[in-house]
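Visitor: My questions are about this predicted structure, shown below with the sequence.
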Amino acid sequence: MKEEIAAAVFFLARLVKRYGCLDNNSRERFAASLTSLLFENYKNHWHPSAPARGQAYRCLRMNSVRLQDPVLEQACERSGVRYEDLGLPQELTVWVDPGEVSCRTGTFCPIYKSQALLCFKYICFYPTLFGSGVNEESLSGL
């Protein structure tokens with residue numbers, strides 16, 4: 001669980017660094033709060049022998065219906081940052097599962113996947129992330 005949470009927080013913190021307007025200190029406070037919250041929330045919902053079990057509970061999701069994910073909101077409150085300053089896309093889903101962390105924007109293919117957690121790898125299947133052309137090379141700087 002430690003590696004998967006680290007991968008999810010790493011990915012979100014890099015998005016915030018690139019698209020948000022938080023200084024380094026605020027971003028680090030947010031990442032620390034999010035890490036702590038995910039550990040608290042997932043401890044009774046983590047099933048390595050059945051990774052799909054509890055998947056909906058471990059999903060961070062924001063869209064046009066629910067503009068802000070409650071866990072991310074809580075991490076913002078704990079760290080003293082404004083949710084709007086994160087700069088996250090309006091349509092974002094992050095799944096944190098045993099052995100895999102994946103993310104997608106919109107309702108299309110995943111753009112980030114950390115499988116087996118050997119390294120952080122960005123994979124782009126959908127070319128219009130955040131309204132601009134994105135490929136694996138452009139994401140490598142995140």
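Guide: Done, it's in. Residues are numbered from 1 along each chain as shown.
Visitor: In this structure, where is pLDDT below threshold?
Guide: 107-142 (pLDDT under 70).
Visitor: 90 - rerun?
Guide: Residue ranges of the chain with pLDDT under 90: 1-2, 20, 43-57, 62-67, 89-92, 99-100, 102-142.
Visitor: For it, which segments count as strands?
Guide: Here the chain has its strands, by DSSP state E, at 59-62, 92-97, 100-105, 112-115.
Visitor: Off-centre distance for the second one?
Guide: Same thing as strand 92-97. Mean-position distance between strand 92-97 and its chain equals 6 Å (Cα atoms, centre = their mean, to the nearest Å).
Visitor: partners of it in the sheet?
Guide: strand 59-62 (antiparallel), strand 100-105 (antiparallel) (DSSP bridges).
Visitor: Extract the C-alpha set from stretch 25-34 and format it as PDB.
Guide: This file holds the C-alpha atoms of stretch 25-34, laid out as PDB (Å, rounded to 0.1, in the frame of the first residue of the first chain):
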ATOM      1  CA  ASN A  25       6.000  24.600   0.700                       C
ATOM      2  CA  SER A  26       2.300  24.500   0.100                       C
ATOM      3  CA  ARG A  27       2.600  21.700  -2.400                       C
ATOM      4  CA  GLU A  28       4.600  19.600   0.100                       C
ATOM      5  CA  ARG A  29       2.100  20.200   2.800                       C
ATOM      6  CA  PHE A  30      -0.700  19.200   0.500                       C
ATOM      7  CA  ALA A  31       1.200  16.000  -0.500                       C
ATOM      8  CA  ALA A  32       1.900  15.100   3.100                       C
ATOM      9  CA  SER A  33      -1.700  15.600   4.100                       C
ATOM     10  CA  LEU A  34      -3.000  13.600   1.100                       C
END
